[in-house]
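> A predicted structure for the sequence below; I have some questions about it.
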Amino acid sequence: MILHADADAFFASVEQRDDPRLRGRPMVVAHEVVACPSYEARALGIHAGMPLRQVQRRWPEVLVTGYRAEAYEEASARLFELFHRITPLVEPGSMEEAFLDVTGHDRGDVAGMASALRAAARAEVGLPVSVGAGRTKLMAKLASRRAKPDGLVVVDAELEARVRPRLRLDELWGVGPTSYDKLHAAGLFLVSDLHGLTEDDLKKVVTTAMARRLVSIARGTDDATIRLPGPRRSVSASRSMASTRTRSKVLAVLDECVARAVARVSALDGPPRLPQRLEIQVRYDDGTVVVERGPLDEPTLDPARLRAAARHLLEQTAYEWDGRGVTMVGLTLPLPTPA
């Protein structure tokens, strides 16, 4: 069996854990735009990506905290220490979620193991974690969605046989809006609508990879393999903001991203891995993302030299003269493969 463990409203939960005044109250982690609303804030209709000014104007009672990268990274590390106590077969999904293969570890009591994991996360890390259990990663992920907030759902073989055919295609993990629109236009809405269709049939509608995935889901042979992470191939940092063309604001965000990325590389296990290239991303208020890449003069983790190189690439986007507002700045440092 596979568990999908996912910390609820992760950034907001860390803030509520560390500040009792925030507990049980609508609050958001935000810097110009909402990064993570608490469940109390979500009940009001607040969602990630919403401009902070809009939130404060419409819901003046909502509390606001800034983004504390170090606190979230420390909480993530403690969560993953807990996951690895349960099983060595852990596949990270993000800093607050992972798939765990507990086959042979559960002694037939998946619900008991999942409950113990949730209790340990609450007691040792101070965070609510929802857990879904299923035979495949898809079923485990769907189960954890149903479990939120702060719950547990187990999809056994009998329940899976009833639920799988009735799953909506737009619910499936990995099926994005573009693929779903094509499936919808072809008259396909539920997993049961895929029965009898071959991969060749579906390749007329969606990509080959998506067709293969949908056939496996319809047959119940979808992915149950845990893929252990290898060495990090890159480290990134980004931050969203209210739409702006102000040079000083964009540069300040870029400098912050450089500092966070350097800290993340420095925290990696093993000998230092110095980036030889970097990449910056700029997202405009119409959703367009522009990417600029370039080499460094020499491999380095010196923040000042990385800031200078990142600013040079930023200038190449011509964002100041573009006419559109900038809503996100990001930086990626590709890392050499360890010797």
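Looks like it arrived, so ask away.

> Please make it C-alpha for all contacts and neighbour counts, starting now.
OK.

> Check which helices and strands the longest helix along the chain is in contact with.
Looking across the chain with DSSP state H, the single longest helix is helix 247-266. With contacts defined as 3 or more CA pairs under 8 Å, 6 or more residues apart in numbering; DSSP states H and E, helix 247-266 has these neighbours: strand 234-244, helix 303-316, strand 326-334.

> how far is the longest one from where the chain is centred?
Using CA atoms, centre = their mean, to the nearest Å, the distance from the centre of helix 303-316 to the centre of the chain it belongs to is 27 Å.

> One more: the first one?
A distance of 14 Å separates the centroid of the chain from that of strand 234-244, by CA atoms, centre = their mean.

> what packs against it?
Strand 234-244 packs on strand 33-37, helix 247-266, strand 326-334, going by 3+ CA pairs under 8 Å, 6+ apart.

> try it again with 10 Å
strand 27-31, strand 33-37, helix 52-58, helix 247-266, strand 277-284, strand 326-334 (3 or more CA pairs under 10 Å, 6 or more residues apart in numbering; DSSP states H and E).

> Quick check: which of the ones you listed is nearest to L152?
Nearest to L152, of all the helices and strands packed on strand 234-244, is strand 33-37, at 21.4 Å by CA to CA.

> The helix or strand that that closest one is followed by - contacts with which helices or strands?
Per DSSP states H and E, strand 33-37 leads on to helix 39-42 as the next helix or strand towards the C-terminus. Under the contact definition 3+ CA pairs under 10 Å, 6+ apart, helix 39-42 sits against helix 10-18, strand 27-31.

> rank the ones you listed by pLDDT, which is bottom?
Ranked by mean pLDDT, the helices and strands packed on helix 39-42 end with strand 27-31 at the bottom, a mean of 93.

> Direction included, what does that one pair up with?
Next to strand 27-31 in the sheet, as set by DSSP bridges, lie strand 33-37 (antiparallel), strand 63-65 (parallel).

> most packed of the ones you listed?
When the strands paired with strand 27-31 are scored by mean count of other CA atoms under 10 Å, the highest mean neighbour count falls to strand 33-37 (a mean of 24).

> Mean confidence (pLDDT) on it, please.
Strand 33-37 shows a mean pLDDT of 93.

> got the angle between that strand and strand 234-244?
120 degrees (axes from the mean of the first three to the mean of the last three CA atoms, to 10 degrees).

> before we move on, back to that, got a markdown table for the helices and strands packed on helix 247-266, with mean pLDDT too?
A markdown table is the format used below for the helices and strands packed on helix 247-266 (pLDDT from 0 to 100):
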| stretch | mean pLDDT |
| --- | --- |
| strand 234-244 | 88 |
| helix 303-316 | 94 |
| strand 326-334 | 93 |
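
> quick revisit: how about the helices and strands packed on strand 234-244, which one is nearest V64?
With respect to V64, and counting by CA to CA, the nearest of the helices and strands packed on strand 234-244 is strand 27-31 at 5.1 Å.

> tell me which residues in that closest one are buried?
Of all the residues in strand 27-31, those buried under the rule 16 or more other CA atoms under 10 Å are M27, V28, V29, A30, H31.

> Having no further points to raise, I will conclude here.
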